[in-house]
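Asker: A predicted structure for the sequence below; I have some questions about it.
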Amino acid sequence: MQMAIPLVRFMFEKDMLRRLIQEAKAGNAASFERVIHLHERAVLGLAQRILLNREAAKDAAQEVFIRFHKNLSRLDEERDLGAWLCRATSNACFDILRRTKQDLPLDLLSEPLDGALNPEESMAVTQQRRLIFSALKELSPRERQAIILRDLEGYSTGEVARILNSTEGTVRSQISTGRIKIKNFVVAQLGRRT
């Protein structure tokens with residue numbers, strides 16, 4: 001499975017982003033749309049990895065940008081917008097998971113694979129994805145969020161704690177428990193195939 005690029009890396013240089021936010025605060029709709037355009041793919045990708053459902057992720061991303069618009073006047077353009085968007089995305093996803101109180105269907109396996117792979121490699125990667133996403137589906141929402149932010153998005157434990165509005169100890173525990181559950185799930189699945 002490919003390592004996801006952290007949300008922060010999708011941002012243009014800080015000065016340009018700061019200027020766009022200032023213009024958006026002043027009512028410039030084009031600047032607001034540009035900020036959204038620069039971050040929508042990263043927000044949607046993070047939501048898909050947390051929710052494991054493309055349609056629910058679109059709903060979460062829409063909610064994130066509605067919250068962004070509502071909070072735009074209070075947003076400090078000197079602070080890291082990527083971290084704010086990551087926290088908002090995580091919260092929106094958690095709200096959706098809490099509302100639905102059910103397993104969400106797994107539909108991320110159709111993401112395009114690297115065209116350089118031969119058919120056997122492509123099949124192996126698809127099977128690995130299926131196994132990993134199935135394992136993620138078995139985690140609690142908080143464990144899934146912590147694992148995705150730490151292991152797939154590349155945030156430090158401290159950053160994950162801030163994003164999830166938690167303590168580092170709690171995040172470390174969620175990650176540890178989640179990794180054990182993933183390992184046990186993978187071992188059990190591979191054991192069934194042999």
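Answerer: Structure received.
Asker: which one is Arg34 nearest to, not counting chain neighbours?
Answerer: Leaving out its chain neighbours, the residue that sits closest to Arg34 by CB to CB, 6 or more residues apart in numbering is Leu20, at 5.5 Å. C-beta: built from backbone N, CA, C; applies to glycine.
Asker: no wait, Gly178
Answerer: Of all residues not flanking Gly178 in the chain, Glu143 sits nearest, at 3.7 Å (CB to CB, 6+ apart).
Asker: list the contacts of the one you found.
Answerer: Glu143 sits next to Gln174, Ile175, Thr177, Gly178, Lys181 when contact means CB atoms under 8 Å, 6 or more residues apart in numbering.
Asker: turn the residues you listed into CSV, columns for distance to Ala88, pLDDT and neighbour count.
Answerer: Below are those laid out as CSV (distance: CB to CB, whole Å; pLDDT from 0 to 100; neighbours: other CB atoms under 10 Å):
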residue, distance to Ala88, pLDDT, neighbour count
Gln174, 20, 95, 23
Ile175, 21, 93, 18
Thr177, 25, 95, 16
Gly178, 22, 93, 24
Lys181, 27, 93, 18
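Asker: so which of these belong to helices?
Answerer: Among those, the residues falling in helices (DSSP state H) are Gln174, Ile175, Thr177, Gly178, Lys181.
Asker: which parts of the helix or strand of the chain at the bottom of the mean pLDDT ranking are buried?
Answerer: In the chain, no helix or strand scores lower on mean pLDDT, DSSP states H and E than helix 119-137, which sits at a mean of 77. Neighbour counts over helix 119-137 (16 or more other CB atoms under 10 Å) mark Arg129, Leu131, Ile132, Phe133, Ser134, Ala135, Leu136 as buried.
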